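# dropping the sequence and predicted coords here.
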Amino acid sequence: MNVDRSVIRELEAIVGAEHVRTDPGDVEPYSRDATPTFRAVPDAVAWPGTAEEVAAILKLATARRVPVIPRGAGSNLCAATVAERGGIVMVLTRMDKILEVSADELLARVETGVTTAALADAAAAKGLLYAPDPGSRTVSTVGGNVATCAGGLRGLKYGVTRNYVLGATVVLPTGEIMKTGGRLWKDVAGYDLTRLLTGSEGTLGVLTELTVALLPMPATSNTGVAYFPTLADAGRAVDAIIGHGIVPATLEFLDAKCIGAVEQYARLGLRDDAGALLLFGDDGSQDVVDRNLERIGEQCTATGAMEVTLAENIARAQALLEARRCSLPALSRLGTMTILEDATVPRPRLAEMVDRIDAIAHAHDVPVATFGHAGDGNLHPTIVVDQHDDAAIKRAHEAFGEVFKAAISMDGTITGEHGVGAAKLPYLIDRLGADQMALLRRIKAAFDPAGILNPGKLGS
Amino acid sequence: MTAVDKPGAGTAAHGTGGHGHGGNIFDPELLDRCISCGFCLPACPTYALTKDEGSSPRGRITLMRALETGRLDPDDDRLQKEASFCLGCRACEPVCPAGVQYGHLLETWRDHQWRGLHRPPLARVLTMVADRKPLIRLIGAVRRPARTRESAPSRTRVGASRNGATPDTTPLTLMLGCFERGLFPGVSKAVQKLLPEISVPENQGCCGALHAHNGDSAGGVALAEKLGEELPGVIVTTAGGCAAHLATVLGRDRVHELSEHLVKAGYEPIGELTVDDGHGGRRRARVAIQDSCHLRNGLGVSAEPRALLGAVADFVSVAGDGSCCGSAGTYSLLRPKDARRVLEPKLDAVEAAGVDYVVAVNPGCLRQWQTGLARRKSRIRAVHLADLLVAAAGGRRLPTGLPLAARLPQVRLPSGMRVRRVFALRKDAAAQNTDGWSA
């Protein structure tokens, strides 16, 4: 669409001309986020500094029917912040203050543009833990994490972002500024709008402030690694660990191709003859951590592990976790376009799903490597192709279409933690069905009658 | 204005760059590497200033791609602006999980963006001077750096002792640097004290880093190759920026930055740097470091100078000591206001940390810090690592108190700010030289 010059002038009046950009070279960097293959150039980029400015922009956009795409750091992997229909990209990174960290109440209040790492550091300075731990924590914003309900490496024991959002200040597309939830763990007054907004991907309202729950910082943590001949063996180990009542903070897996790529990249001395690697870790008091890791090691050995090693020190434990975090970039070095997916199945069916993924990729003649969160059944099959090879990219997308179908047929889902965005909207109906899709649209219409907020995504 | 390049529901292939009407400006292999994950954003000093992604590495690569594919006009204002607004500090490289060689991309970008008359006039003048050996030697003649003479007086090692490692017999040559020899001639003399075996040929040109970072990467390679022929054996430099550029062209083995060489060759600093404790006694000095960006991000050298400093003084780790100070080669001359914006928070940090000295391992950083500290009339002094090591061993005292530049009356000139600053600094540097044996 073409945004009228008069809209831009009003936008400049709201946030100041220095916080609005419309020239081609200025808006180009906002034509994409971290999602490959998706690109759309917005008409304008605006950086509001307060909730009131956000409200004024949204009122203007609703009155003039101009799309608004809220954006944090643009590190999402589902094209949630791509301006599919043009309009105004609204960047919230100016609003990056940490307003409060309360050790007494175990909570923090932040503006939404603050990075996840900055919040975690501020909490840690007071001996507190902000548990959600997405891979992009150093760059991602807390607002973006909540909008996409980001997961991470500690999901099994600690849950995901939604488990830590107590309250939000949200600006509706029609301009109302309202607070949902608050500082309370117990609060059942009304529909749980905080929970609805979490994961709404910027389609219902714009989050400007969040109150999040913190935990006491665990005294210590440690990490270990186990190698298995096959991924099925690793899957059995995961079942055995949890079946024996151990719920560790971290339970991650890499398939053989990922191990190779990570080792080539990070040089951690990982074995090259294993079919799967299981990275496990726990935190808490020293004796609990020691005992849990020992028991996990026993279960791994009992289910056929080739080798079980515990990190000898914190630096080594950190390095192992970094190895898991760098799986995606390590794989990305194998080609020039990395397409990462996020299908999730019930935990006991993890190995079965990886086999299905390998078969599908083979049938479509695309190379696939899979890593992910074994404890959550959350897989990240990754296809690496040449970005100039349109035929291969097409085959990759077809393969992923079948991967999603396979996940759904196994009581799984099309996305565990990355989100729907523009990337997975076409597959959403397979997961939700027509009735639920219709309900989503009615909810969307109740919040956003003019349909200006992040159109072409959830609820569209 | 709108160009909605709409992908077809997740199946259409709109690559991140590359195809289309290629400009053949960039090496596609380098440009394709970026996966746009955004991990570089928190590391980028200019993104920290603006919070605008166009001023971040990821955004700049998106701009390069738009230039390459013709989506943006080559004369687009933002393209021009960002090619020069980038500090070129390469802080994005160590944090890049995908291994993007941003420094190379930037050099190519500037080659293209600054072609012909688009090249900043000052950059043209500086590279022109550095191109001409007689002019460089003239600088050295006015302010004499170290040099090897046939009838050299007996030289004893000051400031370092070998820790038992077998001496390497590879010849060692000191690179004087084209501007460092004039700005800080004492640094090369300090190196001669630390490494008496080093030879310092007078007849040496510029390493070409200046050219590579200012839109003439071909010239930069040619000069580095020439210098490699002029200087035998291992080339030791006191300029992190030059070291990184030379190493790229000549190979890592032929080039050692000073701190790296001292540690590699097994030297241990001797003595202790003390300062007046304010009660008539002496106390161990508190020192902070300013990393050289290309030394740290390009060559991975950052532990070495810290280890050396920690041996002779109380090393204070100041937040942000690894990030760019705004000097960035010619940046502080080409974009003085932005250079100052980058330095300001770092000045706050060292003042809050209560250090006595900020130590630089690159002449540009040294100049930037001396200027910034003088502007604030700070008691903290900026010194080069070589000078500090020699001073710790009792070779030559380092200056204390307000630098001369800060003690001079502040004269406000209508447009000649830079003139005053250079003048003041040179006075200041001259004052340092009369402070000890090297005068």
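Nice, I can see it. Numbers count the residues shown, from 1 in each chain, chains lettered A, B, ... in the order given.
# so what's the residue nearest to residue A:227 when sequence neighbours are not counted up against?
In this structure, residue A:227 finds its nearest non-sequential neighbour in residue A:274, 3.7 Å apart by CB to CB, 6 or more residues apart in numbering or on different chains. All C-beta atoms are positioned from the backbone trio N, CA, C, and that covers glycine. Residue A:274 sits next to A:227-229, A:256, A:259, A:306-307 when contact means CB atoms under 8 Å, 6 or more residues apart in numbering or on different chains.
# how about the strands in the stretch 351-460 of chain A?
A:368-373, A:378-385 (DSSP state E, counting those that start in this stretch).
# ranking those by burial, who's on top?
strand A:368-373 (a mean of 26; mean count of other CB atoms under 10 Å in any protein chain shown).
# okay, angle between it and strand A:378-385 too, please.
Orientation of strand A:368-373 against strand A:378-385 (axes from the mean of the first three to the mean of the last three CA atoms, to 10 degrees) gives an angle of 150 degrees.
# wait, what's in contact with residue 72?
Since you didn't name a chain, this refers to chain A. Taking CB under 8 Å, 6+ apart, one finds A:81, A:91-93, A:112-113, A:140-141, A:143-144, A:147 in contact with residue A:72.
# oops, wrong one, chain B.
Applying CB under 8 Å, 6+ apart, the residues near residue B:72 are A:24-25, A:28, B:63, B:66, B:78-79.
# could you redo the last one with a cut-off of 6 Å?
By CB atoms under 6 Å, 6 or more residues apart in numbering or on different chains, the contact list for residue B:72 reads A:24-25, B:66, B:79.
# mind checking which of the contacts of residue A:72 are in helices?
A:143-144, A:147 (DSSP state H).
# got JSON lines for these, with pLDDT, distance to residue B:312 and neighbour count too?
As requested, the ones in helices among the contacts of residue A:72 are exported to JSON lines (pLDDT from 0 to 100; distance: CB to CB, whole Å; neighbours: other CB atoms under 10 Å in any protein chain shown):
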{"residue": "A:143", "pLDDT": "98", "distance to residue B:312": "47", "neighbour count": "29"}
{"residue": "A:144", "pLDDT": "98", "distance to residue B:312": "47", "neighbour count": "33"}
{"residue": "A:147", "pLDDT": "98", "distance to residue B:312": "52", "neighbour count": "31"}
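# for chain A, what lies in contact range of chain B?
Proximity of chain A to chain B (CB under 6 Å from any CB of the partner chain) is limited to residues A:2, A:24-26, A:28-29, A:34, A:37-41, A:43, A:73-75, A:86, A:93-94, A:138-139, A:326, A:329, A:332-333, A:336, A:338, A:387-388, A:390, A:393, A:397, A:423, A:426.
# weed out the non-buried ones from the contacts of residue A:274.
Buried members of the contacts of residue A:274, scored by 16 or more other CB atoms under 10 Å in any protein chain shown, are A:227-228, A:256, A:259, A:306.
# now the residues you listed as TSV including secondary structure and distance to residue B:360?
Shown next, in TSV, are the buried ones among the contacts of residue A:274 (DSSP: H, G, I helix; E, B strand; the rest coil; distance: CB to CB, whole Å):
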residue	secondary structure	distance to residue B:360
A:227	strand	47
A:228	strand	51
A:256	helix	48
A:259	helix	43
A:306	coil	51
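# out of those, who's nearest chain B?
residue A:259 (16.8 Å; CB to the nearest CB).
# pLDDT at that closest one, what is it?
Here, the pLDDT recorded for residue A:259 equals 92.
# isn't there a helix covering residue A:101?
No - under DSSP: H, G, I helix; E, B strand; the rest coil, residue A:101 sits outside any helix and is assigned strand.
# residues contacting it?
A:108, A:122-123, A:126.
# secondary structure element holding the closest residue to it other than its chain neighbours?
Sequence neighbours aside, residue A:108 is the residue nearest to residue A:101 in space, at 4.7 Å (criterion: CB to CB, 6+ apart). Assigned by DSSP states H and E, residue A:108 belongs to strand A:107-111.
# list the contacts of that strand.
Counting by CB under 6 Å, 6+ apart, A:95-101, A:119, A:142, A:209-214 sit against strand A:107-111.
# can I get the helix or strand just after it as CSV, trimmed to CA atoms?
Elements were assigned by DSSP H and E; along the chain past strand A:107-111, the next helix or strand is helix A:116-125. Output in CSV follows, covering the C-alpha atoms of helix A:116-125 (Å, rounded to 0.1, in the frame of the first residue of the first chain):
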residue,chain,number,x,y,z
THR,A,116,16.3,-10.5,27.5
ALA,A,117,20.0,-10.6,28.6
ALA,A,118,19.8,-7.1,30.2
LEU,A,119,16.7,-8.2,32.3
ALA,A,120,18.5,-11.5,33.2
ASP,A,121,21.6,-9.6,34.3
ALA,A,122,19.6,-7.1,36.3
ALA,A,123,17.9,-10.0,38.1
ALA,A,124,21.1,-11.8,38.6
ALA,A,125,22.6,-8.7,40.2
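# who are the packing partners of helix A:116-125?
strand A:98-102, helix A:142-148 (3 or more CB pairs under 6 Å, 6 or more residues apart in numbering or on different chains; DSSP states H and E).
# could you report the pLDDT at the residue of the stretch 151-300 of chain B found nearest chain A?
Using CB to the nearest CB, the single residue of the stretch 151-300 of chain B nearest to chain A is residue B:300, 13.7 Å away. Per-residue confidence (pLDDT) for residue B:300: 95.
# which SS class is it?
The three-state assignment at residue B:300 reads coil, by three-state DSSP.
# chain neighbours aside, what residue packs nearest to it?
Counting by CB to CB, 6+ apart, the residue nearest residue B:300 is residue B:94, at 7.8 Å.
# I'd say the one you found and residue B:297 touch.
Yes - assessed by CB atoms under 6 Å, residue B:94 is found in contact with residue B:297 at 5.5 Å.
# tally of neighbours for the spatially closest residue to residue A:378 that is not a sequence neighbour?
Nearest non-adjacent residue to residue A:378, counting by CB to CB, 6+ apart: residue A:416, 3.9 Å away. For residue A:416, the count of nearby residues is 24 (other CB atoms under 10 Å in any protein chain shown).
# and the pLDDT for the closest residue to chain A within the stretch 101-250 of chain B?
Here the residue of the stretch 101-250 of chain B nearest chain A is residue B:113; by CB to the nearest CB that distance is 11.8 Å. The model reports residue B:113 with a pLDDT of 88.
# what segments of the stretch 151-300 of chain B are strands?
So, for the stretch 151-300 of chain B - with DSSP E, counting those that start in this stretch - the strands run B:160-162, B:172-174, B:234-237, B:255-257, B:267-269, B:274-276, B:282-284, B:286-290.
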